[in-house]
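**Student:** Just need the structure, nothing else, for what follows:
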Amino acid sequence: MTATAPLPGLSASDRRHAAPWFIGEGVVLILLAGLAIVLPGIAGLAGALVFGWVLILVGIMGFVSFLGARGHTHSFWAALSGLVAVVVGALILWHPFLGAIALAIFIAAYLLIDAVALIGMGMDQRKRGAKGWVWLIVSGAIDLVLAGVILAMGPLSDAVLLGFVIALDLFVAGTALITLGWAARKA
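**Tutor:** Predicted coordinates for the structure are as follows:
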């Protein structure tokens, strides 16, 4: 299936009409990615602040849900989850630099766990005689190296790393939208 495959209720004319909007949004995201590359520390702190606000909103919604379903069997856990989200979100807003460091540590922990899983899958696939097993092990090894780099960096570098991750995400999303818009122009 290609990017320009017809969708139910969406004509080729509709896709062509939407194309400039996709391209425009993609260009804006790529420009923001460039800004995040130039100012990665600020982008990392901004990312931590956004994450802090998301946690606070999630915690508030958890409390609203808890109050709305008082007879629920897991009300203690729902209340605890909401409280933890609000407290952690508030701590991140109070100290966004520490929030950026914590996020970088969580990324490193994810990479370590993913590395173990990928290497394990690669070894299993090798035993089974499957092709391509080496790429799983290579990917796991890269995850190990990246996790080690993150853990070896100092606190300032963690905020910068988060900024670069945000920049990469913005660039990839922008490129995808431009590609989608370009394909829609030709529909």
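
**Student:** So the residue sitting nearest the centre point of the chain: helix, strand or coil?
**Tutor:** For the chain, residue 169 is the residue whose C-alpha lies nearest the centre (CA atoms, centre = their mean; 7.3 Å). At residue 169, secondary structure determined by DSSP: H, G, I helix; E, B strand; the rest coil is helix.

**Student:** Model confidence score at residue 89, please.
**Tutor:** Note on residue 89: pLDDT of 92.

**Student:** Now do the contacts for it.
**Tutor:** 51, 52, 53, 54, 55, 56, 57, 58, 59 (CB atoms under 8 Å, 6 or more residues apart in numbering). Any C-beta I mention is one placed from the backbone N, CA and C, and that applies to glycine too.

**Student:** how about a cut-off of 6 Å?
**Tutor:** Counting by CB atoms under 6 Å, 6 or more residues apart in numbering, residue 89 touches 52, 55, 56.

**Student:** thought residue 55 was touching residue 86?
**Tutor:** No - Residue 55 sits out of contact with residue 86 when judged by CB atoms under 6 Å, with a separation of 7.3 Å.

**Student:** Just want to know which of those two has more residues nearby.
**Tutor:** Legend: neighbour count by other CB atoms under 10 Å for residue 55 and residue 86, higher for residue 55 (21 against 18).

**Student:** Tell me which helix or strand that one sits in.
**Tutor:** Per DSSP states H and E, residue 55 falls inside helix 40-68.

**Student:** Which parts of that helix count as buried, going by neighbours?
**Tutor:** Of all the residues in helix 40-68, those buried under the rule 16 or more other CB atoms under 10 Å are 40-41, 43-48, 51-52, 55-56, 58-59, 62-63, 66.

**Student:** following it, which helix or strand comes up?
**Tutor:** Helix 40-68 is succeeded, C-terminally, by helix 75-94 (DSSP H and E).

**Student:** between that following helix and helix 40-68, how many degrees?
**Tutor:** Angle of helix 75-94 versus helix 40-68, following axes from the mean of the first three to the mean of the last three CA atoms, to 10 degrees, is 150 degrees.

**Student:** ok, then the element right after helix 75-94?
**Tutor:** Immediately after helix 75-94, counting by DSSP H and E, sits helix 96-127.

**Student:** Quick one: mean pLDDT over that next one.
**Tutor:** Helix 96-127 comes out at a mean pLDDT of 89.

**Student:** just how off-centre is the helix or strand that that helix is followed by within its chain?
**Tutor:** Following helix 96-127 in sequence order, the next helix or strand is helix 133-152 (DSSP H and E). Here the centre of helix 133-152 is set off from its chain's centre by 18 Å, with CA atoms, centre = their mean, to the nearest Å.

**Student:** what's the helix or strand of the chain with the lowest mean pLDDT packed up against?
**Tutor:** Lowest mean confidence among the helices and strands of the chain (mean pLDDT, DSSP states H and E): helix 155-185, at a mean of 85. When contacts are defined as 3 or more CB pairs under 6 Å, 6 or more residues apart in numbering; DSSP states H and E, helix 155-185 packs onto helix 12-38, helix 40-68, helix 96-127.
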